[in-house]
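>>> Only the shape, not the letters, is given here:
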């Protein structure tokens, strides 16, 4: 079970996955060995699923974000469609949904021409994809994988703890 100390550790790691264990320990007033052990247990239990580097999509000329709603044909296999979609490099998210559509897919490409190519040559060719409806994103106000850790969505005090440079750790 995750306690308040684990939540504070997770909050700090969400803000800066490269924060040294010693700095986390100082911030939450716990011994570094205890912090290290807690992080290891959080990793082993699957609460911490991994560590990734966030890249600036604009620096890689991937400026166009779109959401593609997919409808599938009769007898479609959701696991097969999901598997095909997750193999497409431009696909960032795949969500199976209930309602008029069957899947919401977030894609990121260079420009409208790349989007058309992606739709025509990859997404619409996935077996049993009957139709797609695409929405192009004009601006993004928030994009985050951070999860609320206190149960009611409020940030924890640890989320604004100073970093090793003395600057506040931004929540993004």
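Noted; the coordinates are in hand. In this text, all values refer to a predicted model and were calculated from it rather than measured experimentally.
>>> ok, and the closest non-adjacent residue to residue 133?
Distance criterion Cβ to Cβ, 6 or more residues apart in numbering; nearest residue to residue 133, sequence neighbours excluded, is residue 69 at 4.5 Å. Bear in mind the C-beta positions are built from the backbone N, C-alpha and C, glycine included.
>>> For my notes, confirm that neighbour occurs in a strand.
Yes: counting by DSSP: H, G, I helix; E, B strand; the rest coil, residue 69 falls inside a strand.
>>> so it sits right up against residue 129, yeah?
No: look at residue 69 against residue 129 with Cβ atoms under 8 Å: they stay out of range, at 10.8 Å.
>>> Give me the more crowded residue out of those two.
Neighbour count, other Cβ atoms under 10 Å: between residue 69 and residue 129, residue 129 has more, with 20 against 17.
>>> Dead centre of this protein: give me the residue that sits there.
The chain has residue 145 as the residue nearest its centroid, 4.1 Å off, counting by Cα atoms, centre = their mean.
>>> for the protein, what spans make up the helices?
For the chain, helices defined by DSSP state H occupy the ranges 4-15, 21-28, 32-44, 78-86, 112-121.
>>> just those: most buried one?
helix 4-15 (a mean of 20; mean count of other Cβ atoms under 10 Å).
>>> What is that helix packed up against?
The contact analysis (3 or more Cβ pairs under 8 Å, 6 or more residues apart in numbering; DSSP states H and E) places helix 4-15 against helix 21-28, helix 32-44.
>>> Run through the neighbouring helices and strands of the longest one.
The reference is to helix 32-44. Looks like helix 32-44 contacts helix 4-15, helix 21-28 (3+ Cβ pairs under 8 Å, 6+ apart).
>>> on that earlier part again, using a markdown table, lay out the helices of the chain together with mean pLDDT and distance to residue 140.
A markdown table is the format used below for the helices of the chain (pLDDT from 0 to 100; distance: least, Cβ to Cβ, whole Å):
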| stretch | mean pLDDT | distance to residue 140 |
| --- | --- | --- |
| helix 4-15 | 94 | 19 |
| helix 21-28 | 97 | 30 |
| helix 32-44 | 97 | 29 |
| helix 78-86 | 97 | 21 |
| helix 112-121 | 98 | 16 |
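>>> so what's residue 105 bridging to?
Here residue 105 sits in beta bridges with residue 68, residue 94, as judged by DSSP bridges.
>>> number of nearby residues for it?
A count of nearby residues for residue 105, using other Cβ under 10 Å, gives 24.
>>> thought it was touching residue 97?
No: taking contacts as Cβ under 8 Å, residue 105 lies outside contact range of residue 97: 10.3 Å.
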